[in-house]
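Participant: Predicted coordinates and the sequence they were generated for:
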Amino acid sequence: MKTKLKDEEVIRQCRNTNPNDCFEELYSRYVQKVYRRCYSMTKDSAKAQDFTQDIFIKMFAHLDRFQERSSFSTWLYSISHNYCVDQIKRDKRLNVSSLEEGFDYGSNDDTDEREHTLQQLARAMESLSEQDAQILRLKYQDGLNILQIAQKLKINESAVKMRLKRSRDRVRQRCEATL
């Protein structure tokens, strides 16, 4: 029977062998805890999932900085907490909102107004640059998260977030201009 290695032993093995095996092991051990931490701070499942992925990427990129002064779980918890706090502050500073926010689709009985709003949105999307339209489609049509979009476009996650915000703002401005 195989005994479960301590986190620190997994990390030491990781430094000496295949880092991917280490990442998978640590990810499987802590993904739910990190997600719950993110969710408790954001109260938003989608953000918590995105933050969880970002935190594990950050953790793995900086694994060499883990010096075993505390337990791995404490170190990862600290990264998680700090990342969530930073993102929440950033979102407040940038006033990030979803694309749908600010659009009144009306009640289910009011299909004419809803159709008009959807037509406005379609026209606004058509007037965007291909880059802006692409990033919005990847996020809202294809349902990709920030990390997946960053990998697909081969850009930093922070660049994805900023481009999404700017693209949403452009759509919002164009829709408001047609009112």
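Facilitator: Thanks, I have the structure now. Residues are numbered from 1 along each chain as shown.
Participant: I'd like to know how many residues surround Lys165.
Facilitator: Using other C-beta atoms under 10 Å, Lys165 has 15 neighbouring residues. All C-beta atoms are positioned from the backbone trio N, CA, C, and that covers glycine.
Participant: For it, give its distance to Asp91.
Facilitator: Lys165 is 10 Å from Asp91, where distance means C-beta to C-beta, to the nearest Å.
Participant: Identify the contacts common to these two.
Facilitator: Common neighbours of Lys165 and Asp91, using C-beta atoms under 8 Å, 6 or more residues apart in numbering, do not exist here.
Participant: tell me which element the most centrally placed residue in the chain is part of?
Facilitator: Taking C-alpha atoms, centre = their mean, the centroid of the chain lies closest to Asp50, which sits 3.0 Å from it. Assessed by DSSP states H and E, Asp50 sits inside helix 45-61.
Participant: Alpha carbons of the next helix or strand after that helix, in PDB - could you do that?
Facilitator: Toward the C-terminal end, the helix or strand that comes next after helix 45-61 (DSSP H and E) is helix 72-94. What follows is helix 72-94, C-alpha atoms only, in PDB (Å, rounded to 0.1, in the frame of the first residue of the first chain):
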ATOM      1  CA  PHE A  72       2.700  24.300   2.700                       C
ATOM      2  CA  SER A  73      -1.100  24.700   3.400                       C
ATOM      3  CA  THR A  74      -0.400  27.800   5.400                       C
ATOM      4  CA  TRP A  75       1.800  29.200   2.600                       C
ATOM      5  CA  LEU A  76      -0.900  28.400   0.000                       C
ATOM      6  CA  TYR A  77      -3.600  29.900   2.200                       C
ATOM      7  CA  SER A  78      -1.600  33.100   2.500                       C
ATOM      8  CA  ILE A  79      -1.300  33.300  -1.300                       C
ATOM      9  CA  SER A  80      -5.000  32.600  -1.700                       C
ATOM     10  CA  HIS A  81      -6.000  35.200   0.800                       C
ATOM     11  CA  ASN A  82      -3.700  37.900  -0.600                       C
ATOM     12  CA  TYR A  83      -4.700  37.200  -4.200                       C
ATOM     13  CA  CYS A  84      -8.400  37.400  -3.500                       C
ATOM     14  CA  VAL A  85      -8.000  40.700  -1.500                       C
ATOM     15  CA  ASP A  86      -5.900  42.200  -4.300                       C
ATOM     16  CA  GLN A  87      -8.500  41.100  -7.000                       C
ATOM     17  CA  ILE A  88     -11.400  42.500  -4.900                       C
ATOM     18  CA  LYS A  89      -9.600  45.800  -4.400                       C
ATOM     19  CA  ARG A  90      -8.700  45.900  -8.200                       C
ATOM     20  CA  ASP A  91     -12.300  45.200  -9.200                       C
ATOM     21  CA  LYS A  92     -13.600  48.000  -6.900                       C
ATOM     22  CA  ARG A  93     -11.000  50.400  -8.300                       C
ATOM     23  CA  LEU A  94     -11.800  49.500 -11.900                       C
END
